[in-house]
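In: Predicted model and sequence below, questions to follow.
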Amino acid sequence: MRKAQEREFDEFVLARQQRLLRTAYLLCGDWHLAEDLTQNVLAKVYMAWGRIQRVDNVDPYVHRILFRTYIDTYRRRRKREILSAAVPEVADRADNGEVRMTLLAALAQVPPRYRAVLVLRFWEDRSIPETAEALGITAGSVKSHTHRGLHQLRTVLGDQVRELVTG
């Protein structure tokens, strides 16, 4: 990679690393796994930076790499690890820390593809077309994944849904 390309890549990382890390955390529910995922994605982006630079809008492209890497990693990890129902202790500055932790724990029980759509649609506040582009799927798939993901989230939360909404 040329020095100019390395400088551009460094600027890209400085500008977007925190956002990628936050999105990775929303997907993983664990800061350590999110950091690993972010590093893996940035390594992939670095290796293909010359090609990625030519893309019109780099951010959706990099987010697509993030979501696909997460789904691939989850598939491999699921075969080896047993997931725990315990919620990790995370410092939360939001006023509704309990609500946030409850939602994150419930979100962790939703399948990865649905979780990716829910994170993009509701935490990242993206439109259906933006979500479809980021994940490389159709708008119809985004709609059905959103519907199914919300249904599973409500099933996991059970009676807590009313408490969270009326809070």
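Out: In hand now; what should we look at?
In: so where does Gly149 fall, helix or strand?
Out: helix 139-157 (DSSP states H and E).
In: Same question for that helix: list its buried residues.
Out: For helix 139-157, the neighbour count (16 or more other C-beta atoms under 10 Å) marks Ser141, Val142, His145, Thr146, Arg148, Gly149, Leu150, Gln152, Leu153, Val156, Leu157 as buried. C-betas here are computed from N, CA, C, even on glycine.
In: Repeat that for stretch 43-52.
Out: By neighbour count with 16+ other C-beta under 10 Å, stretch 43-52 contains the buried residues Lys44, Val45, Tyr46, Trp49, Ile52.
In: The second one and Glu35, how far apart?
Out: Just to be clear, that refers to Val45. Distance, Val45 to Glu35, using C-beta to C-beta, to the nearest Å: 15 Å.
In: Check the fourth one too.
Out: Noted for Trp49: a distance of 21 Å to Glu35, by C-beta to C-beta.
In: if we can go back for a sec, got a list of contacts for the helix holding Gly149?
Out: Outside of helix 139-157, the residues within contact range by C-beta atoms under 8 Å, 6 or more residues apart in numbering are 102, 106-107, 109-111, 113-115, 117-118, 121, 128-129, 131-132, 135, 137, 161, 164.
In: quick one, helices of this structure?
Out: With helices called from DSSP state H, the chain shows them at 3-28, 31-47, 49-52, 58-80, 97-107, 112-118, 128-135, 139-157, 160-166.
In: Out of these, indicate the one that is most buried.
Out: Stretch with highest mean neighbour count among those: helix 112-118 (a mean of 23; mean count of other C-beta atoms under 10 Å).
In: Mind giving me the packing neighbours of it?
Out: If contacts are counted by 3 or more C-beta pairs under 8 Å, 6 or more residues apart in numbering; DSSP states H and E, helix 112-118 sits against helix 3-28, helix 58-80, helix 128-135, helix 139-157.
In: Recalculate using a threshold of 7 Å.
Out: helix 58-80, helix 128-135, helix 139-157 (3 or more C-beta pairs under 7 Å, 6 or more residues apart in numbering; DSSP states H and E).
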